[in-house]
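Asker: Requesting a structural model of the entry that follows:
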Amino acid sequence: MKITTVESFVHPDFPNIIYVKIGTDAGVYGIGESYYFGRTVATFIDEFIAPTLIGLDPANIENISRKLTTYVGALSSGVEMRAKSAVDIALWDIKGKVEGKPIYQLLGGSSKEIPIYNTCAGRGYMRKSDQDSSAWGISADNDQYEDLQAFLSDAGALAKTLLAEGIGGMKIWPFDIYAEKNDGADISEEDLKKGLVPLQKVRDAVGGKISLKLELHALWSPLAAKKIFEATKDLNLTWIEDPIYPDSLDDYAILRSKGYAPIAHGETVSSLTRVNALLKNDYIDVLTLDLGWCGGFTQGIKFTEATKKYGKSIAPHDCSGPIGLIAGTHLSTASENAVVQETSRASLRTWYPMIVSNLPTITNGKISLGQESGLGTDLTSTFTSAAKFAN
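Answerer: Residues are numbered from 1 along each chain as shown. Sure, this is the predicted structure:
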């Protein structure tokens, strides 16, 4: 079997997302996805990846992964890696279809339910490429799924709503707007108190009934992050995610003091060497890898094996697109050390169904996949085709 076509798509309403469709001479095709600056990634697929793939055997996934490892950009989650990740997901989709198995079975897993948590964004979150709160996309309408505005205004009420739906976990980021004042170099006592309010409202409203996670989006200096860790010691947080900039590796040590919340990190990490360093030094508790950013399943499997070696857990990232969620759920389903799968109910209940034909099943706060081969879904919406290569 040979690869005969490589298509890339950017949805006009979601320009940050890039989709690829890889066709073969056997009539089997696979789809993949990555996120952030979709058209830029499509250009790289056009210039390098598509011409490289034509004529190759899609079953040689590991070899293709090496072949797509570029001289520069190889160890970052930049354009090269995001394009490579989307392709790798598509190749695993093909593999599953050829073998007649869902990807989680190819990875050695069997069907099971994984607990979920809700990332409290809205349907317009991060549709633009801005890198600050201007990209939050908060709806001005009375939107029942505008969870970002909800946690800013009354996080306690939101927690009650989620629990009533059977969702046992939530993640919020009330400190982000204060980091914009000085690029996260420090945080004042006043802003520290303001950022704590939504977290405290959750605990006041539902106590410990909900798993509460704090996202810091790697916006803070180690000094400022330590202040936030100290201030949240009594809130029983499940974890604090991405507290400092990823390059500040050894500074994670100062955030491992007694009584501090566990640390989750890794959605932007694409280097196995980096993952091993985080794990070996006990800098993190949970690896939040993103298959659309780290190199796809081929690399994600290696990351997961590393976490098992060091007794750590995974919780795949999803706050980008539906195939990212589906791919992460396949990895979670196949991995005994997957503790939870990130979801966003605003996306799942509004625009994810516009993009793909089938989504995982969520019941009573748990997510599960069916027996369909490959990813178990297909693209359904009208797309803007960025490029198509054929032999």
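Asker: any low-confidence regions in the stretch 251-391 of the chain?
Answerer: Residues of the stretch 251-391 of the chain that meet the criterion pLDDT under 70 lie in 381-391.
Asker: Do a quick rundown of the helices in it.
Answerer: Counting by DSSP state H, counting those that start in this stretch, the stretch 251-391 of the chain has these helices, from start to end: 272-280, 291-294, 296-309, 322-334, 345-348, 352-355.
Asker: Out of the ones you listed, which gets nearest to Tyr35?
Answerer: helix 291-294 (5.6 Å; Cβ to Cβ). C-beta coordinates here come from the backbone N, C-alpha and C atoms, glycine included.
Asker: so how far is the closest one off the chain centroid?
Answerer: From the chain centre to the centre of helix 291-294 is a distance of 8 Å (Cα atoms, centre = their mean, to the nearest Å).
Asker: Then stretch 194-214?
Answerer: Relative to its chain's centre, stretch 194-214 lies at 23 Å (Cα atoms, centre = their mean).
Asker: Figure out which of the helices of the stretch 251-391 of the chain is closest to Arg127.
Answerer: helix 345-348 (10.7 Å).
Asker: Alpha carbons only: can I get the closest one in CSV?
Answerer: Extracted C-alpha coordinates of helix 345-348, given in CSV (Å, rounded to 0.1, in the frame of the first residue of the first chain):
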residue,chain,number,x,y,z
ARG,A,345,-18.4,20.7,27.4
ALA,A,346,-18.8,24.0,25.5
SER,A,347,-16.9,22.5,22.6
LEU,A,348,-18.4,19.0,22.8
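Asker: Which strands and helices lie in contact with it?
Answerer: The helices and strands touching helix 345-348, judged by 3 or more Cβ pairs under 8 Å, 6 or more residues apart in numbering; DSSP states H and E, are helix 322-334.
Asker: got the contact list for the spatially most central residue of the chain?
Answerer: Centrality entry for the chain: nearest residue to the mean C-alpha point is His317, 2.5 Å, by Cα atoms, centre = their mean. Neighbouring residues of His317 by Cβ atoms under 8 Å, 6 or more residues apart in numbering: 266-267, 288-290, 293, 324, 328, 342.
Asker: Point out the most buried one among the helices of the stretch 251-391 of the chain.
Answerer: Most buried of the helices of the stretch 251-391 of the chain, by mean neighbour count (mean count of other Cβ atoms under 10 Å): helix 291-294, with a mean of 30.
Asker: tell me what it is packed against?
Answerer: When contacts are defined as 3+ Cβ pairs under 8 Å, 6+ apart, helix 291-294 packs onto strand 29-35, helix 79-99, helix 296-309, helix 322-334.
Asker: what residues does it touch?
Answerer: Contacts for helix 291-294 (Cβ under 8 Å, 6+ apart): 32-35, 77, 81-82, 85-86, 88-89, 267-270, 297, 300, 303, 316-317, 320-321, 323-324, 327-328, 331.
Asker: could you dump the contacts of His317 to a markdown table with distance to Gly195?
Answerer: Formatted as a markdown table, the contacts of His317 follow (distance: Cβ to Cβ, whole Å):
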| residue | distance to Gly195 |
| --- | --- |
| Gly266 | 23 |
| Glu267 | 21 |
| Thr288 | 21 |
| Leu289 | 27 |
| Asp290 | 25 |
| Trp293 | 27 |
| Gly324 | 28 |
| Gly328 | 28 |
| Glu342 | 21 |
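Asker: For these, which two are the farthest from each other?
Answerer: The span of the contacts of His317, defined through Cβ to Cβ, is set by Gly266 and Gly324 at 14.4 Å.
Asker: hmm, back to that, tabulate the helices of the stretch 251-391 of the chain (JSON lines), appending distance to Tyr245.
Answerer: Below are the helices of the stretch 251-391 of the chain laid out as JSON lines (distance: least, Cβ to Cβ, whole Å):
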{"stretch": "helix 272-280", "distance to Tyr245": "13"}
{"stretch": "helix 291-294", "distance to Tyr245": "16"}
{"stretch": "helix 296-309", "distance to Tyr245": "20"}
{"stretch": "helix 322-334", "distance to Tyr245": "23"}
{"stretch": "helix 345-348", "distance to Tyr245": "26"}
{"stretch": "helix 352-355", "distance to Tyr245": "30"}
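Asker: what's the closest of the ones you listed to Leu158?
Answerer: The minimum distance between Leu158 and the helices of the stretch 251-391 of the chain falls on helix 345-348, with 10.8 Å, by Cβ to Cβ.
Asker: quick one: that closest one to chain centroid distance?
Answerer: Taking the mean of its C-alpha atoms, helix 345-348 sits 14 Å from the chain's own mean (Cα atoms, centre = their mean).
Asker: same thing with stretch 317-324?
Answerer: Counting by Cα atoms, centre = their mean, stretch 317-324 comes out at 5 Å from the chain centroid.
Asker: ok, now stretch 350-368?
Answerer: With Cα atoms, centre = their mean as the basis, stretch 350-368 stands 15 Å off its chain's centre.
Asker: Need the distance between the two termini of that stretch.
Answerer: In stretch 350-368, first residue to last residue: 19 Å (Cα to Cα, to the nearest Å).
Asker: cool, stretch 328-339 as well?
Answerer: By Cα to Cα, the extent of stretch 328-339 from end to end equals 12 Å.
Asker: So what touches it?
Answerer: Applying Cβ under 8 Å, 6+ apart, the set of residues contacting stretch 328-339 is 102-105, 107-112, 114-115, 286, 290-291, 297, 300-301, 304, 307-308, 312-318, 341-342, 360, 367-369, 375.
Asker: switch to 7 Å and redo it
Answerer: With contacts defined as Cβ atoms under 7 Å, 6 or more residues apart in numbering, stretch 328-339 is touched by 102-104, 107-109, 111-112, 114, 286, 291, 297, 300, 304, 307-308, 313-318, 341, 360, 367, 369.
Asker: Kindly report the same for stretch 133-141.
Answerer: Residues outside stretch 133-141 that contact it (Cβ under 7 Å, 6+ apart): 122-128, 146, 148-149, 176-177, 180.
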